[in-house]
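Colleague: Predicted model, plus sequence, below.
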Amino acid sequence: MAEFGQQFEQKGLWGKYLLTSSGCIGACDSGPVVLVYPEGIMYGNVTKADVAAIIDEHLLGDKPVERLKVSPEVW
């Protein structure tokens, strides 16, 4: 979460995206997880190193990060 906040700050993304923490949202075995809306794409086993890919590729590039996606059936 802290890495997302730091990168949001560096890239000027506050106000363009909302960053919210939560408890378990049903896929705790795949955690830590990141859920991106409105697409409803969940990323699992996200590490600090994966944050830049999620931001750059998905949020800014509009292309989901396939290697991190959790199957919709999981959650």
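Modeller: Alright, I've got the coordinates.
Colleague: May I have the beta-bridge partners of residue 41?
Modeller: Legend: beta-bridge partners of residue 41 under DSSP bridges are residue 36.
Colleague: pLDDT at it, what is it?
Modeller: Per-residue pLDDT puts residue 41 at 95.
Colleague: which residues sit in contact with it?
Modeller: 35, 58, 64, 69 (CB atoms under 8 Å, 6 or more residues apart in numbering). All C-beta atoms are positioned from the backbone trio N, CA, C, and that covers glycine.
Colleague: Can you say which of these are buried?
Modeller: Buried by 16 or more other CB atoms under 10 Å: 35, 58, out of these.
Colleague: average pLDDT for the longest helix seen in the chain?
Modeller: Longest helix in the chain, counting residues (DSSP state H): helix 2-11. Across helix 2-11, pLDDT averages out at 97.
Colleague: List the buried residues in it.
Modeller: Using 16+ other CB under 10 Å as the test for burial, helix 2-11 gives 3-4, 7-8.
Colleague: What is the nearest of the residues you listed to residue 52?
Modeller: Checking those against residue 52 with CB to CB, the nearest one is residue 7 at 6.5 Å.
Colleague: gap between the closest one and residue 23?
Modeller: 23 Å (CB to CB, to the nearest Å).
Colleague: Next, give phi and psi for the residue positioned nearest the centre of the chain.
Modeller: With distances taken as CA atoms, centre = their mean, residue 34 lies nearest the centre of the chain, 3.7 Å away. Per-residue torsions, residue 34: phi -130, psi 130 (degrees, to the nearest 10).
Colleague: any idea how far it is from residue 2?
Modeller: Using CB to CB, one gets 13 Å for the distance from residue 34 to residue 2.
Colleague: same deal with residue 42?
Modeller: 20 Å.
Colleague: cool, and residue 43?
Modeller: In terms of CB to CB, residue 43 sits 17 Å off from residue 2.
Colleague: Then residue 46?
Modeller: From residue 46 to residue 2 the distance is 13 Å (CB to CB).
Colleague: mind checking the end-to-end distance for stretch 26-45?
Modeller: Between the start and the finish of stretch 26-45 there is a gap of 14 Å, counting by CA to CA, to the nearest Å.
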